[in-house]
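Pasting the sequence and the predicted coordinates here, then a few questions.
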Amino acid sequence: MSMLLTTQSFEESGSALVPAVLAPDDCDRIADLVQALGAAGAGTRSLLAQPWCAALARRLRQHPVLSGWMPAGSVAVQCTFFEKSAAINWLVPVHQDLGIPVAERVDHPALRAWSEKEGALFVQPPADFLAQLIAVRLHLDPCTAQDGPLRVIPGTHRRGHIADEEAIALRSRGLEVTLCAAKGDALVMRPLLLHASSKATGTGRRRVLHFLFAPADPPHGLRWQHAVQP
């Protein structure tokens, strides 16, 4: 799918594909760095603490297209690595990304669904704060229709927090768009955008670095677990 690289089109649809953010050689080098960490299974959520990953986050933050969609002062707060192939395979039902990684627990009625993953604390903040976040999914490999690509329902990021029943109903209307990508492309999306993915059916593999960018100051006294300045 071809998407115009404009702020208006991004805000209307909730996603956009930015081609050739990284060169193929850069993708291979980064993949080797991830491999050297021995990430087990489908991936890890804790890469941002690595100096090379923090440097890559700054590089993305300063990209001439990507930076135009991020509010001034945005910082990188998380980087998650995914790998999907016929050997490491899963599907993801339609959902929104609602959790953020924070430094410690804060008792406030607007904060809910506390959880711990890989030793990090996560919480669901109010939807109006989630609406300010931007995810950048950097593709280290080509992603075809056979590699379990992301499928999104355009415009749903504007609906706030969507109940599971409504999400299923929206998907049943056949509004999904499949987002394939070339090696080095970046898929930019709002975390509140409804999205899903199927299992991989081909012989390739899909490795992705999923960066989350957010305002430097989260609400209700929260602090980020990691925050990489531009």
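Everything's here; your move. Numbering: from 1, shown residues only.

Name the surrounding residues that touch stretch 215-230.
48-49, 54, 57-58, 61-62, 71, 73-78, 100-104, 106, 108, 110-111, 120-121, 123, 125-126, 129, 132, 214 (Cβ atoms under 8 Å, 6 or more residues apart in numbering). C-beta here means a position set from N, CA and C on the backbone, and glycine is covered the same way.

That stretch: which residues count as buried?
Neighbour counts over stretch 215-230 (16 or more other Cβ atoms under 10 Å) mark 215, 218, 222, 224, 225, 226, 227, 228, 230 as buried.

now those as a markdown table including distance to residue 9, secondary structure and pLDDT?
Shown next, in a markdown table, are the buried residues of stretch 215-230 (distance: Cβ to Cβ, whole Å; DSSP: H, G, I helix; E, B strand; the rest coil; pLDDT from 0 to 100):
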| residue | distance to residue 9 | secondary structure | pLDDT |
| --- | --- | --- | --- |
| 215 | 23 | coil | 97 |
| 218 | 28 | coil | 97 |
| 222 | 32 | coil | 98 |
| 224 | 29 | strand | 97 |
| 225 | 32 | coil | 94 |
| 226 | 31 | coil | 93 |
| 227 | 29 | coil | 95 |
| 228 | 27 | strand | 96 |
| 230 | 24 | coil | 87 |
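
and those residues, which two are the farthest apart?
222 and 230 (20.4 Å; Cβ to Cβ).

residues in contact with the lengthiest helix in the chain?
Secondary structure of the chain read by DSSP state H shows that its longest helix is helix 24-36. With Cβ under 8 Å, 6+ apart as the contact definition, helix 24-36 has outside contacts at 22, 47, 50, 52-53, 56, 81, 139-141, 183-184, 207, 209.

All set now, cheers.
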